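**Q** Build me a structure from this.
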Amino acid sequence: MWRRSSLVWCALLAACGEPGVEVVVRDNDDAPPAEGEGEGEGEGEGEGEGEGEGEGEGEGEAGWPRFTTDVHSPVTATVAARLRALRAAHGELRDDVFAKVGASNTVNTGFLTCFDGGAVDLAAHSGLDETRRFFADGDAAGVSPYDRVSASATVGWSAFHPLQPGADGRAPIDVEVDALQPAFAVVMFGTNDIQRRHITRYADDLFALTDRLLARGVIPILSSVPPRDDDPAADVEVPRYALVARMVAERQQVPFMDLNQVLRPLADHGLGGDGIHMNVDPRGGCRFDDEGLRHGFNQRNLLTLTALDRIRRAIDEDALDPGTALPPLRGQWTEADPLEVDVLPFVASGDTSTSTASTRDRYDCAASIDESGPEQYLRFRAPAAGRVHILVFDQGNVDVDVHALRDGACLDRDDKEVVVDVATGEELVVVFDTFAGPERAGSFQTIVYME
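**A** Presented below is the predicted three-dimensional model:
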C-alpha cells in the first residue's frame, strides 16, 4: 500500500512558508509481476484532493497548474518555487548531473551521447548551448551525464524494474542515484508496459518511481514513449499511456514532455525498421537542422535538452514558461455541484475520504456490488458524438470504482474504466464511489477523453 509522509507541499497548500515535498513510499505487499513479464523490446540494442475551484488562472487543486496537451508542461511561479525548494533541501545533489532512467530507447547510444564530443548543430536552437555546456561539465561518476551508461536503464524494462532489488538488495534507481548524486532524472517507460496490457499498474509503477526519486530530492522529468509501428493494437495504447504519464506528472507536479506528440508527424514516426526503436540522423543525433529533426533520436535529444534548459532556468533565473492557460477547475465534486469536465483530455484528482456523501450503495447496472462507501461526482457534456472513456486510478488499500449515469440510470461501471457512446450535447454524471464501505475511501485520479 501507500503511506504519505507528513511533509506535504506546504506552500502549495498555503500552510507554511516554503514549498514542501510530498513523499509516498510503496510497501512490498504490492509486488510487481515476475521479471520479464510481457516485455516487448526483444534482446539487444536497437535504433486529491481536487475539491473546489483553483486559485488562479490555469490552476487546479490547491493552486497547482493544470497540464494541457502542450509538448512541455508549464513552468509557473508555483512550479519554479517548488523546484527551487527541492534543490535547496538537497544540496548534496549535483545541479549539473542528471540520471537516465528507461528501457532500450534510453540505453541506445543515439540518446544524448552526441552532446559529449559528438557533432553538434543546434541550428535555430542555439539558445540551448549554455545548458548543453552546463551539463557537459557535470561529473557523472567520471564521465558527463550525456555519456553515462546508466544502472537504471536496461533493454526490455518496464516502469517497475528500477525499483526491484538486485542481488545486493539495492534497487537500480538507488544504485544510480548513489553513484551520481543527480539533481534530475530523465524518465521514459511505457513501450514494454503496454505489452502487459495493464494501464492501472503502469500508473502505480510510475507513481512509485516518481515518488522514490522525489524522496531522494531528485527532480524527475517524465516522458511519453514513441509510437509502436510494430503492432497496431499496441500503438492504440501509446496515447493512453502518454495521458497516464502526463497525469502522474501533474499529480506530483514534476516536469513532463510529450515525445509521442512530437514524433507522430514524422515519416515512419521517427522509428527504425523494427517499428519500436527510434532512428537517428547518420550525421549524428545532435543535428537540429531540418534534416536532423526528421529522425526520432534527434527529436528526443532536442526535447530533453529543452526540458533541462527550462528547468535549469526556472531554478537559477526564475525564468517562467506558463504555456497554454486553462481556467480554474469548476465544481465541488458533489452531486449538487459536480466537478465539470471543461477540456478534453481531462485530468483531475479527487478524494472520496473527504466526501460527506454516501447515498448510493448499489447501482442498477451491477446490483450485486457493494458501493456503500462515500462518493464524488463529475459532470461530462459531450462536445460531439463519439465514444468517451473515463478511467479511474487508485493506489494501495483505496478502492474507488467509476459509474457512468444517464438521466439517473447506470450505463456502465468498472473498477478501472468505463466506455460510453454519446451524442452531441449529451450529459453524463460520473460517480466515483468507494467499494464496500468507508474503509476503502481515499485519493484517486481520473482521465476523461474521447476517441
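**Q** Not counting sequence-adjacent ones, nearest residue to residue 361?
**A** Excluding the flanking residues, the one nearest residue 361 by Cβ to Cβ, 6 or more residues apart in numbering is residue 372, at 4.4 Å. In short, each C-beta sits where N, CA and C put it, glycine included.
**Q** Verify the stated contact: the one you found with residue 436.
**A** Yes. Residue 372 is within contact range of residue 436, at 6.6 Å (criterion: Cβ atoms under 8 Å).
**Q** any weak-confidence spans in the stretch 1-150 of the chain?
**A** 1-63 (pLDDT under 70).
**Q** all strands in it, in order from the N-terminus.
**A** 2-4, 24-26, 94-102, 120-121 (DSSP state E, counting those that start in this stretch).
**Q** who's in contact with the third one?
**A** Counting by Cβ atoms under 8 Å, 6 or more residues apart in numbering, strand 94-102 makes contact with 87, 106, 111-112, 134-135, 137-140, 145, 148, 150, 152-153, 157, 162, 173, 176-177, 180-189, 209, 218, 220-221, 308, 312, 315, all of which sit outside it.
**Q** how about a cut-off of 7 Å?
**A** 106, 134-135, 137-140, 145, 148, 150, 152-153, 162, 173, 176-177, 180-189, 308 (Cβ atoms under 7 Å, 6 or more residues apart in numbering).
**Q** Buried by neighbour count, from those residues: which ones?
**A** 106, 135, 138, 140, 145, 148, 150, 152-153, 162, 173, 176-177, 180-189, 308 (16 or more other Cβ atoms under 10 Å).
**Q** In helices, which of the residues you listed fall?
**A** 106, 135, 173, 176, 177, 180, 308 (DSSP state H).
**Q** What is the neighbour count of residue 169?
**A** Residues lying near residue 169 (other Cβ atoms under 10 Å) number 7.
**Q** Distance of it relative to residue 209?
**A** Using Cβ to Cβ, to the nearest Å, we find residue 169 at a distance of 18 Å from residue 209.
**Q** And for residue 150?
**A** 14 Å.
**Q** what about stretch 361-375, start to end distance?
**A** Its start and end residues considered, stretch 361-375 measures 10 Å (Cα to Cα, to the nearest Å).
**Q** which residues sit against it?
**A** Taking Cβ under 7 Å, 6+ apart as the rule, stretch 361-375 contacts 352, 355, 357-358, 360, 401, 403, 409-413, 431-438, 440-441.
**Q** and with 6 Å instead?
**A** 352, 355, 357-358, 360, 403, 410, 412-413, 431, 433-434, 436-438, 440-441 (Cβ atoms under 6 Å, 6 or more residues apart in numbering).
**Q** again with stretch 117-124
**A** 128, 129, 284, 286, 287, 288, 289.
**Q** Return a selection command, for use in ChimeraX, containing the buried ones of these.
**A** Restricted to buried positions by 16+ other Cβ under 10 Å, the ChimeraX selection for the contacts of stretch 117-124 reads:
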select :128,284,286,287,288
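**Q** Could you report the neighbour count for the spatially closest residue to residue 363 that is not a sequence neighbour?
**A** The shortest distance from residue 363 to any residue other than its chain neighbours is 4.2 Å, reached at residue 410 (Cβ to Cβ, 6+ apart). For residue 410, the count of nearby residues is 19 (other Cβ under 10 Å).
**Q** Could you say which helix or strand holds residue 410?
**A** Per DSSP states H and E: residue 410 is located in strand 409-414.
**Q** Quick check: neighbours of that strand in the sheet, parallel or antiparallel?
**A** strand 400-406 (antiparallel) (DSSP bridges).
**Q** which parts of the partner strand are buried?
**A** 400, 401, 402, 403, 404, 405.
**Q** before we move on, what SS does the residue lying closest to the last one once chain neighbours are set aside have?
**A** Just to be clear, that refers to residue 405. With Cβ to Cβ, 6+ apart as the criterion, residue 405 has its nearest non-adjacent residue at 4.5 Å, and that residue is residue 429. What DSSP: H, G, I helix; E, B strand; the rest coil gives for residue 429 is strand.
**Q** Report how many residues lie close to residue 429.
**A** 17.
**Q** Report the beta-bridge partners for it.
**A** Here residue 429, judged by DSSP bridges, has bridge partners residue 379, residue 405.
**Q** And for the one 5 residues further on?
**A** The bridge-partner assignment for residue 434, based on DSSP bridges, gives residue 400.
**Q** which residues touch it?
**A** Residue 434 touches 352, 373, 374, 400, 440, 441, counting by Cβ under 6 Å, 6+ apart.
**Q** With residue 444 as the reference, measure out to it.
**A** 9 Å.
**Q** Residue 195: which of the contacts of residue 434 is nearest?
**A** residue 400 (26.6 Å; Cβ to Cβ).
**Q** ok, that closest one touching residue 432?
**A** Yes. Look at residue 400 against residue 432 with Cβ atoms under 6 Å: they come within range, at 5.2 Å.
**Q** where do the strands sit along the stretch 151-300 of the chain?
**A** 182-188, 219-223, 256-257, 286-287.
**Q** who does the second one touch, helix- and strand-wise?
**A** To tie it back to what came earlier, the one meant is strand 219-223. strand 182-188 (3 or more Cβ pairs under 6 Å, 6 or more residues apart in numbering; DSSP states H and E).
**Q** give me that answer again for 10 Å
**A** helix 77-89, strand 94-102, strand 182-188, helix 199-215, helix 232-252, strand 256-257, helix 259-263, helix 296-317 (3 or more Cβ pairs under 10 Å, 6 or more residues apart in numbering; DSSP states H and E).
**Q** Pick the most buried one from those.
**A** strand 182-188 (a mean of 27; mean count of other Cβ atoms under 10 Å).
**Q** quick one: it to helix 232-252, angle?
**A** 150 degrees (axes from the mean of the first three to the mean of the last three Cα atoms, to 10 degrees).
**Q** in its sheet, what does strand 182-188 sit against?
**A** Going by DSSP bridges, the partners of strand 182-188 are strand 94-102 (parallel), strand 219-223 (parallel).
**Q** With just CA atoms, put the first one into PDB.
**A** Going back to what we said before, that points to strand 94-102. C-alpha atoms of strand 94-102 as PDB (Å, rounded to 0.1, in the frame of the first residue of the first chain):
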ATOM      1  CA  ARG A  94      24.800  17.900  -8.300                       C
ATOM      2  CA  ASP A  95      23.000  20.600 -10.200                       C
ATOM      3  CA  ASP A  96      24.800  19.700 -13.400                       C
ATOM      4  CA  VAL A  97      24.100  16.000 -13.400                       C
ATOM      5  CA  PHE A  98      21.000  14.000 -14.500                       C
ATOM      6  CA  ALA A  99      20.300  10.300 -14.400                       C
ATOM      7  CA  LYS A 100      18.900   8.300 -17.400                       C
ATOM      8  CA  VAL A 101      16.000   6.000 -16.400                       C
ATOM      9  CA  GLY A 102      14.300   3.900 -19.000                       C
END
